[in-house]
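K.L.:
model the structure of this input:
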Amino acid sequence: MTLLKKLLLLLTLSFFSTQGFASSCPDGSEPTKTVSDDGSYFVYKCASDSKNNTEEVNSLHKLLRQESTIIRFGTQADINMVTLGPKDGGYPKYPPYNGKNSLNIKMPLTTAVLAPLDLEFIGYKNRSAEMRKRGNKITRPYDDIEICFKSVNNEVLSLVMCIYHLQSSPLLPNFSKNEKCGIRPDWDIKKNVAKAGLIYYERTTGVYSYSEMSDPCGAKLGNVYRRGEVIGYSGAVGNNPHVGFRFKVLGKEPNPLSSKSRIKNLYLHWVQPSVFFKWKCFDPNIDFDSDVLAYPFNCNLI
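P.N.:
Take a look at the predicted model:
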């Protein structure tokens, strides 16, 4: 096709495209118009056609705020616990319990949880139980493995991350194989709660003894897991399958909520994860800026 014919064809297509040939996108927005590779026709594309372009920062946030999405944001952190960055995580507005310092992400049971950045394994606590009783209410099951990490590359972002309500984790290979690292009958029974290393609570830091040779869960504290590696599988609390993600980020001022005598680092602050960080779908072929985290799940599941 000659250059003149191509120009005439594009002019004709442009005229007809203004006559309603390009319909609106499902979300009500207008499609983006581009020219085909051979220059012979127009291509109309909606953002949703490519999952809102999963290479872009926060590309899935809109979907994650919708009730109908198979993986979605749940209850966010109590704004009174957030001492660094934006306090309000936006929609959904499920009321958190007082002192909640985490973002719940609802996901199907046993969904693979991915490391959002390069992390060093620093601690764990296995609180999993067959049930938990609160007043007259009994919740079954009560999956509650918690694993904690610290960031490896701290030049731009220095943080710790703990995730909990896991059903299992490859980081604890002896889980359910060793009676001292199993599922207890009742969450409130403190006996046989396997734990080691550091666990970050609301206002304090738990520091527990660790021996690689005798650890009941077979944990290898100090191991480094790269962005995108599977670090756990999601669990459930009753009929609510989800995982809790809590992050503490290094700030310039002391955390006013921390107990000075029982904290590992007074300058670590709880943040609201959905809005504090930038997020992007993990792809081994995509470069991540140092301040961008990977969504902790396979984006193709959405």
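
K.L.:
show me the contacts for Y210.
P.N.:
With contact taken as Cβ atoms under 8 Å, 6 or more residues apart in numbering, Y210 is in contact with A196, G197, A219, L221. For glycine as for every other residue, the C-beta is placed from the backbone atoms N, C-alpha and C.

K.L.:
hmm, N104 is touching G244, no?
P.N.:
Yes. Contact status for N104 versus G244: in contact at 5.3 Å, counting by Cβ atoms under 8 Å.

K.L.:
which neighbours do the two share?
P.N.:
With contacts taken as Cβ under 8 Å, 6+ apart, the residues that reach both N104 and G244 are H165.

K.L.:
I'd like the mean pLDDT over the host helix or strand of Q167, please.
P.N.:
Counting by DSSP states H and E, the element that carries Q167 is strand 159-168. In this model, strand 159-168 has an average pLDDT of 98.

K.L.:
for P216, what are its contacts?
P.N.:
By Cβ under 8 Å, 6+ apart, P216 lies in contact with N174, N178, K180, C181, A194.

K.L.:
leaving out sequence neighbours, find the closest residue to it.
P.N.:
Counting by Cβ to Cβ, 6 or more residues apart in numbering, the nearest residue to P216 once its immediate chain neighbours are dropped is K180, at 3.8 Å.

K.L.:
distance of that neighbour from I122?
P.N.:
K180 sits at a distance of 21 Å from I122 (criterion: Cβ to Cβ, to the nearest Å).

K.L.:
look at these two and report which has more neighbours.
P.N.:
For K180 and I122, the more surrounded residue by other Cβ atoms under 10 Å is I122, and the numbers stand at 22 against 13.

K.L.:
the strands in the stretch 51-200 of the chain, which residues?
P.N.:
Assigned by DSSP state E, counting those that start in this stretch, the stretch 51-200 of the chain shows strands spanning 72-73, 103-106, 112-114, 119-126, 132-134, 137-139, 145-151, 159-168, 195-200.

K.L.:
closest to V230 out of those strands?
P.N.:
Shortest distance between V230 and the strands of the stretch 51-200 of the chain, using Cβ to Cβ, is found for strand 112-114: 4.7 Å.

K.L.:
other SSEs contacting that closest one?
P.N.:
With contacts defined as 3 or more Cβ pairs under 8 Å, 6 or more residues apart in numbering; DSSP states H and E, strand 112-114 has these neighbours: strand 230-237.

K.L.:
list the buried residues in the strand it packs on.
P.N.:
The neighbour-count criterion (16 or more other Cβ atoms under 10 Å) identifies I231, G232, Y233, S234, G235, A236, V237 as the buried residues of strand 230-237.

K.L.:
hang on, K150 packs against L119?
P.N.:
Yes. Contact between K150 and L119 holds when scored by Cβ under 8 Å: they sit 6.9 Å apart.

K.L.:
now for the contacts of Y210: which two are most distant?
P.N.:
Pairwise distances across the contacts of Y210 (Cβ to Cβ) peak at 7.7 Å, for the pair G197 and A219.

K.L.:
neighbour count winner among the two?
P.N.:
When G197 and A219 are compared on other Cβ under 10 Å, the one with more neighbours turns out to be A219, at 26 against 20.

K.L.:
residues contacting the more buried one?
P.N.:
F121, Y124, L171, L172, A196, G197, Y210, E212.

K.L.:
hmm, try it at 7 Å
P.N.:
Residues in contact with A219, defined by Cβ atoms under 7 Å, 6 or more residues apart in numbering, are Y124, L171, L172, A196.

K.L.:
all the helices of the stretch 201-302 of the chain, residue numbers only.
P.N.:
Residue ranges of the helices in the stretch 201-302 of the chain, as given by DSSP state H, counting those that start in this stretch, are 273-276.

K.L.:
quick one on the thing from earlier: ok, so of the contacts of Y210, who is nearest N80?
P.N.:
G197 (27.8 Å).

K.L.:
is the closest one bridged to anything, and to what?
P.N.:
G123, Y208 (DSSP bridges).

K.L.:
that older thread, got the strands of the stretch 51-200 of the chain as JSON lines, with distance to S259 columns?
P.N.:
Formatted as JSON lines, the strands of the stretch 51-200 of the chain follow (distance: least, Cβ to Cβ, whole Å):
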{"stretch": "strand 72-73", "distance to S259": "30"}
{"stretch": "strand 103-106", "distance to S259": "23"}
{"stretch": "strand 112-114", "distance to S259": "29"}
{"stretch": "strand 119-126", "distance to S259": "18"}
{"stretch": "strand 132-134", "distance to S259": "25"}
{"stretch": "strand 137-139", "distance to S259": "29"}
{"stretch": "strand 145-151", "distance to S259": "18"}
{"stretch": "strand 159-168", "distance to S259": "16"}
{"stretch": "strand 195-200", "distance to S259": "12"}
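
K.L.:
thank you, goodbye.
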